[in-house]
Each structure stands twice: as structure tokens, then as C-alpha cells.
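Asks: generate a structure from the sequence data that follows.
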Amino acid sequence: MTRTTGMPRLIASDVDGTLLDDDEKVTPRTRAAVTAAVQSGAQFVIATGRPPRWVPPVVDALGFAPLAVCANGAVLYDPATDRVLTSHTLSADLLGELAEIATRLIPGAGLAVERVGSTAHDAATPQFVSSPGYEHAWLNPDNTEVSLADLLSEPAIKLLIRKAGARSDDMAAVLADHVGAHGDITFSTNNGLIEVMPVGISKATGVEDVARPLGISADQAVTFGDMPNDVPMLRWAGLGVAMGHGHPDALAAADEITATNNEDGVARVLERWWPTSSD
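Replies: Predicted coordinates:
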């Protein structure tokens, strides 16, 4: 049931599988709809599992630089100034406990962590650090391989648990009862990759951190997403919209289901309030 009233004051959109089509592009129709909303005074926020260094191509595709809730809510990044504004981390001790649980329950799993510096490309901070033999889930690996001890030696914004050929749904089910108070489990692909976040941190908390200082409440927000890491944000907003191809958890959490990312699902909803010549 839709809880929002009137024209939304804040729009928060997931990136991959939502704002971007399968060619990793923002279509002209979606760009026009987002631009019309922003020009009318709405606040637009990117809410993504991506780290800050993977945000600039999205900014280029949009044609403007919105605030970005990155790493599933662990980082608030301002691409206009290339500054990390806030971050939340798992301590080294917690990482050690989580690593023991993951490698015991999922034999053969590789581990990696995301760290964050003061900017998107902070050369002083190796940001994606993996243990030996870690098999990247994406096509553009940019990891620094280190020993497991080094991997777990510093705080990180998230822990990645990867097992090629596995399903993320199955991995999450195995870990769910054991991670407990150590961290929150989520994932943005079903391709054998689990992400563990600091407890209580999600895209919802990140977007709320943007909304609160602006005096914007949840019922004045519309959010878009397609995967389990979008579920808290979909539930938080006055109108949570899942993409038509979305994961069953996202579809169940949403107030509404729109078209797919290849069918301008985001634009189709925004055009209710901000019609453009392309709709």
C-alpha cells in the first residue's frame, strides 16, 4: 500500500539493474525524467552497493552530481567535491570473527574487504583488498591481493564473501543464524557474493541521513530498487518501487512494481509528477 502523499520531495534510486539498463547506461528517457524532477526542486540521491570510486561513471551518465549513498549505506559520498562525508566500518576484531564464521560454514569461500579513504580514489588507501585466490564477481576487478592477516588488520566498510558457482540466496541462508550481532547480511547479485555490513547500516539509513537535515520525512520519499540490498530502502520510503525483473525479496517489500530497467521503469513512475516530452 502506498504511504506517500503528494509530490515526492526526495527520490533515491539504486544504480545497477535499476537506474542503469543492462548496457550500464542511463537511457535518454530516464535521464529526462530525473532531470525534470531535480529542476522542479526534488532531491535526487544515488543509493548503491558500489564504492565511491565506481560512482563517477554514473554521474557522467546523469549529467549532474547527486549525493551518493555508497556501499549499501556505509558511506555518504559527494561526487561534486570528491569527498567522503561520512562512513561506518566493521572493526578489525569483528572482521576476524566474521571471517572465521564464513570460511567455516562456506568451505572454499574467498574473502575481500572494501575500505574507504577521504576521496573516491584516495591513493593512500588501497580500497578493495582481497585474500589470495579471491575470484572477482564482476568484470572489472580492481583488487589488491594481500595475506588474510593483512586483509583483516584494518577496519572496513564491508566484508565480501565470494564462492564462484554458488547462489547468494543459499549462502545467505547458511550464514544467517551465525552472523547474528556481528553484522548484517545482504547481497546485490545472486552470483555467489555476500556482503556483510556494520549492524544497522543499510541504504535506508544512508538515505535517511540525507533526508533528515533537509526536513524530508520518509512519507515524502520514493525509492527504487531490484535486489535484497534495496529492501530496507523500499520499506522505509513512503513509496517503495521494485523493478519488474527484481529479486522476490525486493518485489515483496515494495509498495509497487514498475517496468524493468530496460523498459525505463524509473522514468515511468517519475513521469506521473514530472512529465517530459519523451514520455
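
Asks: residue contacts, the nearest residue in space to Leu152 that is not next to it in sequence?
Replies: Ranked by C-beta to C-beta, 6 or more residues apart in numbering and with sequence neighbours excluded, the top spatial neighbour of Leu152 is Leu95, at 4.6 Å. From N, CA and C alone the C-beta is placed, and that goes for glycine too. Under the criterion of C-beta atoms under 8 Å, 6 or more residues apart in numbering, the neighbours of Leu95 are 113, 151-152, 155-156, 159.

Asks: for Leu95, what are phi and psi?
Replies: Note on Leu95: its backbone torsions stand at phi -60, psi -40 [degrees, to the nearest 10].

Asks: where are the low-confidence patches of the protein?
Replies: 1-5, 139-141, 278-279 (pLDDT under 70).

Asks: how does it divide into domains?
Replies: As assigned by automatic domain parsing, the chain contains the domains 10-87+202-270, 92-197.

Asks: what about the first one, distance to the chain center?
Replies: Counting by C-alpha atoms, centre = their mean, to the nearest Å, domain 10-87+202-270 is centred 9 Å from the centre of its parent chain.

Asks: still on that earlier bit, in strands, which of the contacts of Leu95 fall?
Replies: Taking DSSP state E as the definition of strands, the contacts of Leu95 contribute 113, 159.

Asks: can you classify the closest residue to Thr144 other than its chain neighbours by secondary structure?
Replies: Spatially, and ignoring its direct neighbours in sequence, Thr144 is nearest to Pro126 (4.3 Å; C-beta to C-beta, 6+ apart). When classified by DSSP: H, G, I helix; E, B strand; the rest coil, Pro126 comes out as coil.

Asks: tally up the residues packed near Pro126, please.
Replies: By the other C-beta atoms under 10 Å criterion, the neighbourhood of Pro126 contains 16 residues.

Asks: and what of Ala176?
Replies: Residues near Ala176, counting by other C-beta under 10 Å, number 10.

Asks: how about it: what's its closest non-neighbour residue?
Replies: Distances taken as C-beta to C-beta, 6+ apart put Ile185 closest to Ala176, at 6.3 Å, once the chain neighbours are dropped.

Asks: Ile101 now?
Replies: His178 (5.2 Å).

Asks: now do the helices in this structure.
Replies: All helices of the chain, identified by DSSP state H, fall at 28-39, 56-62, 92-105, 148-151, 168-179, 203-211, 231-236, 248-253, 265-270.

Asks: wait, Leu251 touches Val241, no?
Replies: No: the criterion here is C-beta atoms under 8 Å, and Leu251 misses it with Val241 at 10.5 Å.

Asks: give me the common contacts of the two.
Replies: Common neighbours of Leu251 and Val241, counting by C-beta under 8 Å, 6+ apart, are Ile257.

Asks: compare those two (neighbour count), which wins?
Replies: Between Leu251 and Val241, Val241 has the larger neighbour count (other C-beta under 10 Å), namely 28 against 16.

Asks: the more buried one touches Asp230, doesn't it?
Replies: No: using C-beta under 8 Å, Val241 is not in contact with Asp230, being 9.9 Å away.

Asks: can you list residues touching both of these two?
Replies: 223-224.

Asks: residues contacting Trp274?
Replies: Counting by C-beta under 8 Å, 6+ apart, Trp274 has contacts 33, 36-37, 40, 42.

Asks: including neighbour count and distance to Pro132, could those residues go into a markdown table?
Replies: Listed next are the contacts of Trp274 as a markdown table, based on neighbours: other C-beta atoms under 10 Å; distance: C-beta to C-beta, whole Å:
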| residue | neighbour count | distance to Pro132 |
| --- | --- | --- |
| Ala33 | 26 | 45 |
| Ala36 | 20 | 49 |
| Ala37 | 23 | 46 |
| Ser40 | 10 | 51 |
| Ala42 | 21 | 47 |
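
Asks: reformat those residues into a markdown table and put distance to Asp209 next to each item.
Replies: Below are the contacts of Trp274 laid out as a markdown table (distance: C-beta to C-beta, whole Å):
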| residue | distance to Asp209 |
| --- | --- |
| Ala33 | 25 |
| Ala36 | 26 |
| Ala37 | 20 |
| Ser40 | 23 |
| Ala42 | 18 |
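
Asks: got phi/psi on the closest residue to Ser40 other than its chain neighbours?
Replies: Distances taken as C-beta to C-beta, 6+ apart put Trp274 closest to Ser40, at 5.8 Å, once the chain neighbours are dropped. Phi and psi for Trp274, reported as degrees, to the nearest 10, are phi -130, psi 80.
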